[in-house]
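> I need the structure of the sequence given here:
(one chain, ligands or ions: 2)
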Amino acid sequence: MPEFRLTQISDTHLARRLPELTENFHRASEYIDARRPDLVVNTGDLAFDGPTSPDDLEFARTLHAALPVSCRYLPGNHDIGDNPTALGPKPSPPVTEQSQQAFLSIFGEDRWRFDAAGWCFIGLNSLVMNTGLAREADQFDWLAAELASAGGRPVALFLHKPLYLNLPDDPELAADAIRYVPMPARRRLVEMLRAVDLRLVASGHVHQRRDFTYSRIRHVWAPSAGFIISDARQEVIGIKEVGLVEYRFQPDSFEVRHVRAPSQTDLDMDSLLARVSKGLAS
Ligand SMILES: [Fe+2]
Ligand SMILES: [Fe+2]
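Ligands and ions are numbered 1, 2, ... in the order given. You can find the predicted model right below:
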């Protein structure tokens, strides 16, 4: 029986000036090397600060290229900037044509589709949504065509931001609007996905591990492979730990395993930022 093994990593936030994050990436790499899945997907925030430090994107690309299995990539807000929301603060920095091109020139794609083990896999650029940029409309057109050719296969969707907290119609709140795919793009996306047999939505961004099922769709929030965010800075929704997620897809079914690579360490964002500002000051 055909089987497709996929490992999801997310929020690696790599930068040459932050060797602790590189260490955590190496621990994840060693685990991947031992397990040898068919594919690694990084669901975004590959870089620590791509929009202002383009070298972070290059550095992330170099480390991923050294993995012993093929990789696919999706952009996060720390790679290309953030998307505007109706209620939240203005994104800083916002997604621009230029930042998207910088990502594309290094990683080659910001959305993808492939089929394996009887499944249709789709990766989306969630940061372009709600921006009004040409690539947003272009992506929706592309997605419509890809969904139309799913041919009844179960669909697994990957993107940086979770679709929503608990329900598709969760109200957008100023306090956490930037955490999810923003309205009204979310509504349009959810509506489009109703036309196919969507089984899995795999995201990153929140730096918390979570796994829940709503209306027969399993939502897996991958933790960051690099660091956690303190309770003082961010509410607790799922589990705050670093790690990765393993999937096994077989025709009409799939399994999920939540794992942490040996010696992967729960670094805290506050201590990382303190070291960066110290480095900048010196
Ligand atoms: Fe992140
Ligand atoms: Fe993010």
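
> from here on, contacts and neighbour counts on C-alpha atoms
Will do.

> what segments of the chain are strands?
Taking DSSP state E as the criterion, the chain contains strands spanning 4-9, 39-42, 71-73, 112-116, 119-123, 154-158, 197-203, 210-214, 217-221, 227-228, 244-250, 253-259, 267-268.

> give me the neighbour count for the closest residue to ligand 2 within the chain.
The minimum distance from the chain to ligand 2, using Cα to the ion, falls at H205 (3.7 Å). Each residue near H205 was counted by other Cα atoms under 10 Å, and the total is 24.

> my guess is it meets D11, correct?
Yes - judged on Cα atoms under 8 Å, H205 makes contact with D11 at a distance of 6.4 Å.

> any shared contact partners between these two?
Here H205 and D11 have 44-45, 76, 223-224 as joint contacts, going by Cα atoms under 8 Å, 6 or more residues apart in numbering.

> kindly reformat those residues as CSV containing neighbour count and pLDDT.
Output for these, formatted as CSV (neighbours: other Cα atoms under 10 Å; pLDDT from 0 to 100):
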residue, neighbour count, pLDDT
G44, 31, 98
D45, 28, 98
G76, 29, 98
P223, 32, 98
S224, 28, 98
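
> identify the farthest-apart pair in those.
G76 and P223 (13.7 Å; Cα to Cα).

> give me the common contacts of the two.
Contacts common to G76 and P223, judged by Cα under 8 Å, 6+ apart, are 11, 205.

> and stretch 163-180 with ligand 2, contact?
No - residues of stretch 163-180 are not located near ligand 2 by Cα under 5 Å from the ion, the shortest gap being 7.9 Å.

> gap between the two ends of that stretch?
Start to finish, the residues bounding stretch 163-180 are 5 Å apart (Cα to Cα, to the nearest Å).

> what about it, distance to the chain center?
17 Å (Cα atoms, centre = their mean, to the nearest Å).

> in that stretch, what counts as buried?
163-165, 172, 177-180 (16 or more other Cα atoms under 10 Å).

> ok, residues contacting that stretch?
82-85, 87-89, 161-162, 181-183, 186-187, 190, 201, 205-206, 214.

> swap in stretch 228-246?
5-10, 28, 207-210, 222-227, 256-261, 264-270.

> buried residues, it. List them.
So stretch 228-246, judged by 16+ other Cα under 10 Å, has buried residues 228-229, 240-246.

> now for these: which two are most distant?
I229 and E246 (22.6 Å).

> mind giving me the packing neighbours of the longest helix along the chain?
Using DSSP state H, we find that the single longest helix of the chain is helix 19-35. Under the contact criterion of 3 or more Cα pairs under 8 Å, 6 or more residues apart in numbering; DSSP states H and E, helix 19-35 touches no helix or strand at all.
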